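*Asks:* Have a look; sequence and predicted model below, questions after that.
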There are 2 protein chains.
Amino acid sequence: MPADDRRPTIPPAGPGRTEDPARHARDALRDAILNGEYLPGERLVEAQLCERLGVSRFNVRAALQDLAADGLVKVERNKGAHVRKVTLDEAVEITEVRMVLEGLVAARAAARVTDEQASELDEIGLLMRRAVNAGEFRRYGDLNQRLHGLIRDIAGHRTADGIIETLRGQLVRHQFMISLHPGRPAISLPQHERIIEAIRNRDPKAAESAMREHIASVIEALRDVDATELR
Amino acid sequence: MPADDRRPTIPPAGPGRTEDPARHARDALRDAILNGEYLPGERLVEAQLCERLGVSRFNVRAALQDLAADGLVKVERNKGAHVRKVTLDEAVEITEVRMVLEGLVAARAAARVTDEQASELDEIGLLMRRAVNAGEFRRYGDLNQRLHGLIRDIAGHRTADGIIETLRGQLVRHQFMISLHPGRPAISLPQHERIIEAIRNRDPKAAESAMREHIASVIEALRDVDATELR
DNA sequence: GCAGCCAATATTGTCAACAAAACTGGAAGG
DNA sequence: CCTTCCAGTTTTGTTGACAATATTGGCTGC
């Protein structure tokens, strides 16, 4: 075993100390996992997390249970917590669910979009095209997230929104790899543009099917990336 | 306040005592809420639950946190836990999500159904028709649940399955009222039969749209029931 | 060398007591 | 009569210690 873990400590959130430690622990641990500081399958020992997060074991346990509910960690009785491993099959299932949920959300967004929101959508579309043309893939990825987020805001479907957000968390690693997949933006850009257009036209059915097609192609990309990686 | 709470105690699960109390507490409390022994909005005081469930406060808290993740209770810091109230709008949202998820599941079931499973579907359809003709509404409700469950088994989509199950829990009360709504079976029976037929024919698209139509009509029923109740 | 066992250790599960916060009822003042 | 404030009480938040369980590493006998 390593003599000492050199990972940075995440001390209390500033000098304020006004926040409750439970929240801090949960958010800090979630960020740490999402940033890949703990790898899938890695064991999460409560005592170590106490030091790392600067909170008591009580709050560490609460955080672990919370993240287990989000599917980010898995806890087994008397065996502790691990970062959850998401297999390719699970990733596909999760993305299938996201496909129908975001389809629902897109349809609803098309039914509720205001003129102001429509031009915001247009602007994102424009920026996306520019980013692709300029080869700024990182920027494109950010815009991608912003677009999906805006659509969900327009739809205002809290239930679907919460589930989508939870599922997204479970896939950060996979999603990240997809965004770097060569040729990916060229495929997804026109799909995004069709989604935007359908919502602008206030056509729920078109918006739903455009969104579903888009995410269906994400599923293909998932499989591709996985195949590429295991070569 | 009531001088004494006469609700039945749920003592340890038999003489075995092999099960962990955390699991027992969680399941017993979930059942109690689902059976309506605690009403929506009712406060859940930890000390009372300790007596009721025969476990320590530690385990009561764990159970409450678990059920909060399932959306059955809501806990507010320093304010305790309440049985979550599901408004009509939320119930509609939840059912919309169920609509697209069960649509996905139905499509997948149609793609994977075996001959044996197909005849099982047929049998349930037959029993449903009989139950409706005989006016056995309670039985029809049970068969309804069995049908949806079988479809989900056939699909084998663990991710969608888990979410659907969670959502169903949040709606037990509403669902129960719908099943007693007069004229409801006459509407839903032919919808169920169309779903069964589409899956039998191994036609995913038809299965998905049949399922979505069915659940869309459940949403209407939800609104009706609510309107009837507040008259 | 190795399979199985046993003690030592590491880790998680549980509890009971205490601290902090929220709620309650009633008294004081307007 | 109403509002405000202040104990007293109830309820939740947190801690540290201890118990139960799993894991590790070495030992023994084959």
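*Replies:* The structure has been received and is ready for your questions. Numbers count the residues shown, from 1 in each chain, chains lettered A, B, ... in the order given.

*Asks:* all strands for chain A, in order.
*Replies:* A:43-44, A:73-76, A:80-83 (DSSP state E).

*Asks:* Grab the most central residue of chain A for me.
*Replies:* In chain A, the residue lying closest to the centroid (Cα atoms, centre = their mean) is residue A:168, at 3.1 Å.

*Asks:* Can you tell me how far that residue is from residue B:173?
*Replies:* Remark: distance between residue A:168 and residue B:173 (Cβ to Cβ, to the nearest Å) = 30 Å. (C-beta placed from N, C-alpha, C; glycine too.)

*Asks:* Next: residue A:85.
*Replies:* 37 Å.

*Asks:* Comparing these two, which shows the higher neighbour count?
*Replies:* With neighbours defined as other Cβ atoms under 10 Å in any protein chain shown, residue A:85 and residue B:173 compare such that residue B:173 has more, 16 against 12.

*Asks:* pLDDT score for the residue nearest to the centre of chain A?
*Replies:* For residue A:168, the model assigns a pLDDT of 96.

*Asks:* right, and it touches residue A:175 too?
*Replies:* Yes: with contact defined as Cβ atoms under 8 Å, residue A:168 counts as touching residue A:175 (7.3 Å).

*Asks:* Tabulate the strands of chain A (JSON lines), appending distance to residue A:205 and mean pLDDT.
*Replies:* Below are those laid out as JSON lines (distance: least, Cβ to Cβ, whole Å; pLDDT from 0 to 100):
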{"stretch": "strand A:43-44", "distance to residue A:205": "45", "mean pLDDT": "96"}
{"stretch": "strand A:73-76", "distance to residue A:205": "39", "mean pLDDT": "97"}
{"stretch": "strand A:80-83", "distance to residue A:205": "40", "mean pLDDT": "96"}
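
*Asks:* got those as JSON lines, with distance to residue A:91 and mean neighbour count columns?
*Replies:* Below are the strands of chain A laid out as JSON lines (distance: least, Cβ to Cβ, whole Å; neighbours: other Cβ atoms under 10 Å in any protein chain shown):
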{"stretch": "strand A:43-44", "distance to residue A:91": "21", "mean neighbour count": "16"}
{"stretch": "strand A:73-76", "distance to residue A:91": "16", "mean neighbour count": "16"}
{"stretch": "strand A:80-83", "distance to residue A:91": "15", "mean neighbour count": "18"}
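
*Asks:* Just tell me which of the ones you listed ends up closest to residue B:222.
*Replies:* strand A:73-76 (34.8 Å; Cβ to Cβ).

*Asks:* Sheet partners, orientation included, of that closest one?
*Replies:* strand A:80-83 (antiparallel) (DSSP bridges).

*Asks:* what's the spacing between the partner strand and its chain's center?
*Replies:* The chain centre lies 20 Å from the centre of strand A:80-83; the measure is Cα atoms, centre = their mean, to the nearest Å.

*Asks:* Does that strand reach DNA strand D?
*Replies:* No: using Cβ under 7 Å from any atom of the strand, strand A:80-83 stays clear of DNA strand D, with a minimum separation of 7.9 Å.

*Asks:* Only C-alpha atoms, please: export that strand in PDB.
*Replies:* Only the C-alpha atoms of strand A:80-83 are listed here, as PDB (Å, rounded to 0.1, in the frame of the first residue of the first chain):
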ATOM      1  CA  GLY A  80     -17.700  -0.400   2.700                       C
ATOM      2  CA  ALA A  81     -18.200   1.900  -0.300                       C
ATOM      3  CA  HIS A  82     -16.700   1.800  -3.800                       C
ATOM      4  CA  VAL A  83     -16.900   4.200  -6.700                       C
END
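
*Asks:* Which residues does that strand contact?
*Replies:* Strand A:80-83 is touched from outside by A:33, A:38-46, A:64, A:68, A:72-76, with contacts defined as Cβ atoms under 8 Å, 6 or more residues apart in numbering or on different chains.

*Asks:* follow-up on the earlier one: could you dump the strands of chain A to TSV with distance to residue A:200?
*Replies:* What follows is the strands of chain A, written out as TSV (distance: least, Cβ to Cβ, whole Å):
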stretch	distance to residue A:200
strand A:43-44	46
strand A:73-76	41
strand A:80-83	41
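
*Asks:* Adding distance to DNA strand C, write the ones you listed out as CSV.
*Replies:* As requested, the strands of chain A are exported to CSV (distance: least, Cβ to the nearest atom of the strand, whole Å):
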stretch, distance to DNA strand C
strand A:43-44, 6
strand A:73-76, 7
strand A:80-83, 3
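
*Asks:* Next to DNA strand C, which bits of chain A? Give me the list.
*Replies:* Counting by Cβ under 7 Å from any atom of the strand, chain A comes close to DNA strand C at A:43-47, A:57, A:61, A:75, A:77-81.

*Asks:* Max pairwise distance over those: which two?
*Replies:* So, those by Cβ to Cβ: farthest apart are A:47 and A:77, at 17.9 Å.

*Asks:* ok, back up a step: and the residue nearest to the centre of chain A, how close does it get to residue B:93?
*Replies:* Residue A:168 is 19 Å from residue B:93, by Cβ to Cβ.
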